[in-house]
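>>> please find the sequence and the predicted model below.
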Amino acid sequence: MKLQAVESVSQITKEDFYKNYYKKQKPILIKGFAKQWADFDQWNFDYIKQKAKGQTVPIYNNKPADATKSSDTPALYMKMDEYIEEIQNQPSDKRIFFYMIKDRLPELLVNFIYPDLGMKFFKQIHTLFFGGSDARVLMHFDVDMSDFIHIHFEGKKRILLFDQEQSASLYRVPLSVHTIETIDYENPDYEKYPALKNAEGFEIFMEHGDLLYIPKGWWHFNRYLEPGFSMSMREMPSLLRFSNFVDMFYHVFIMRYTDKICRKIGKEKWISYKEEWARRNSEKVLKNLIKK
């Protein structure tokens, strides 16, 4: 893979961000952004462990999804305080996906300031994502096709970003928002997946308080290097951005449910068929590149 560092700043004006990054659909890292919040010191494990003590939360891990179950079926359930205690004290691949702040920890929402970047955020679905030091999130793009910002807290985290033009080189699985699950993006096997060599993207290392802007539809792979958690804030869908609305409608209501139906009927055969389909698509693109 051909990776470069993403542009990084310590501060930025709304006009600069909107003109040079949002409008151009370019990612940017704003270092230490959240440190300006008056209650920044409450964005940590100890605060959440105290406030969410006793809550039952779904837990995911690095194992591939079971073909006989929905892809979003959790591996197990734990109490939030016990989960945080575990990942703080031992290596773990356990993670929490899409923890709805408004529903489960609304008091946390008074402890921050909305970024004044010219984006209109969907205030109902601010979400948290947690991970232990061995946790990773497979390469994917978000099905709602919205621009979003990702603010990270506690330990370090590595993110890889790629735009949609890299889909074939990443071995995108058809009718899905992810790539072939067995690909190891930390130690890519170029003999088994030769098209990966041509994937051009960005490598980002996030620390406590950093903000990352991710444009709509961009592929991202997350690897927690240390126990940590992040908040994602999504842009409000708008009919005024008609092409974005069409993208969202197709991915959420057509592609997603077509795949769910086929997965329910075909199970493992459907997954294997899609992965072979992905390989053929990637090999075709690779051959065309070699001819050039």
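Looks like it arrived, so ask away. Residues are numbered from 1 along each chain as shown.

>>> ok, longest helix in the protein?
The residue-count maximum for a helix in the chain (DSSP state H) belongs to helix 268-291.

>>> residues touching that helix, excluding its own?
Residues from elsewhere that reach helix 268-291 (CB atoms under 8 Å, 6 or more residues apart in numbering): 67-68, 168-169, 171-176, 179-180, 193-195, 198, 262-263, 266. Backbone N, C-alpha and C define where each C-beta goes, glycine included.

>>> in ChimeraX, select just the buried ones from those residues.
Of those, the buried ones can be selected in ChimeraX as follows, counting by 16 or more other CB atoms under 10 Å:
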select :168,169,171,172,173,175,176,179,180,193,195,198,262,263
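
>>> where in the protein is pLDDT low?
Across the chain, the ranges flagged by pLDDT under 70 are 67, 71, 237-242, 291-292.

>>> circling back to that earlier point, then the longest helix of the chain to PDB, C-alphas only?
The C-alpha trace of helix 268-291 is given here as PDB (Å, rounded to 0.1, in the frame of the first residue of the first chain):
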ATOM      1  CA  GLU A 268     -21.600 -19.300   3.900                       C
ATOM      2  CA  LYS A 269     -22.000 -19.900   0.200                       C
ATOM      3  CA  TRP A 270     -23.200 -16.300  -0.300                       C
ATOM      4  CA  ILE A 271     -20.200 -14.900   1.600                       C
ATOM      5  CA  SER A 272     -17.700 -17.100  -0.300                       C
ATOM      6  CA  TYR A 273     -19.400 -16.100  -3.600                       C
ATOM      7  CA  LYS A 274     -19.000 -12.400  -2.800                       C
ATOM      8  CA  GLU A 275     -15.400 -12.800  -1.800                       C
ATOM      9  CA  GLU A 276     -14.600 -14.600  -5.100                       C
ATOM     10  CA  TRP A 277     -16.400 -11.800  -6.900                       C
ATOM     11  CA  ALA A 278     -14.300  -9.300  -5.100                       C
ATOM     12  CA  ARG A 279     -11.100 -11.100  -6.100                       C
ATOM     13  CA  ARG A 280     -12.200 -11.100  -9.800                       C
ATOM     14  CA  ASN A 281     -12.900  -7.400  -9.700                       C
ATOM     15  CA  SER A 282      -9.500  -6.600  -8.100                       C
ATOM     16  CA  GLU A 283      -7.600  -8.800 -10.500                       C
ATOM     17  CA  LYS A 284      -9.300  -7.100 -13.500                       C
ATOM     18  CA  VAL A 285      -8.300  -3.700 -12.300                       C
ATOM     19  CA  LEU A 286      -4.700  -4.900 -11.600                       C
ATOM     20  CA  LYS A 287      -4.400  -6.300 -15.100                       C
ATOM     21  CA  ASN A 288      -5.500  -3.000 -16.600                       C
ATOM     22  CA  LEU A 289      -2.900  -1.200 -14.500                       C
ATOM     23  CA  ILE A 290      -0.200  -3.500 -15.600                       C
ATOM     24  CA  LYS A 291      -1.100  -3.000 -19.300                       C
END
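
>>> let's number from 26 now, not from 1
I'll keep to 26 as the first residue from here, and by that count the last item is helix 293-316.

>>> what comes up buried for that helix?
For helix 293-316, a neighbour-count test (16+ other CB under 10 Å) marks W295, I296, K299, E300, A303, R304, N306, S307, L311 as buried.

>>> all set, thanks.
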